[in-house]
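1. model this:
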Amino acid sequence: MVSSEDIRSAAEAELYELSMPGRLVGRAVIDGGARIVGIVRSIRVALPDLRVELIVKGLDVEFPVDVKNVSAVGNVVQLQNTIKDADVVELHDVARLRKELWEEIRSYVVGK
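-> Numbers count the residues shown, from 1 in each chain. Below is the predicted model of the structure:
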């Protein structure tokens, strides 16, 4: 018999964009305390309960953010809540995180 947890995990997909920064992937994420906490690494979609999360890549940490906590999307992604477990990311770190993410995405596509 398959547990409900196995069914949920089998129905998850992680989405990336093939440009950097994309419409969401690679955009800086600012929390409710006006701190840059990372960049959007990917978008995770889970079915059948339809849960959508942004996976945020920070300094030595990755964490999910429910899209219900997103207040605005433009040049940055603004969150409603404050993220206490993430360090503040400086602007030069945003460029480094984007480069790391782009190399990771490229390795998925190219296979290297």
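2. what about the longest helix in the chain?
-> Here the longest helix in the chain is taken by residue count, with DSSP state H as the criterion, and it is helix 91-110.
3. In that helix, which of the residues would be classed as buried?
-> D93, V94, L97, R98, L101, W102, I105 (16 or more other CB atoms under 10 Å). Heads up, the C-betas are built off the backbone N, CA and C, glycines and all.
4. The longest strand along the chain: partners in the sheet, and parallel or antiparallel?
-> As far as residue count goes, and with DSSP state E defining each element, the longest strand of the chain is strand 36-46. When sheet partners are counted by DSSP bridges, strand 36-46 sits next to strand 12-15 (antiparallel), strand 28-30 (antiparallel), strand 51-57 (antiparallel).
5. which one of these is the most hemmed in?
-> Relative to the other members of those, strand 28-30 carries the highest mean neighbour count by mean count of other CB atoms under 10 Å, namely a mean of 22.
6. Mind checking the pLDDT average for that one?
-> For strand 28-30, the per-residue pLDDT values average out at 97.
7. Same check on stretch 104-112?
-> Per-residue pLDDT values across stretch 104-112 average out to 80.
8. So for the chain, the centremost residue is which one?
-> I55 (2.5 Å; CA atoms, centre = their mean).
9. Show the pLDDT at that residue.
-> The per-residue pLDDT of I55 was computed as 96.
10. pLDDT weak spots in the protein?
-> 1-10, 112 (pLDDT under 70).
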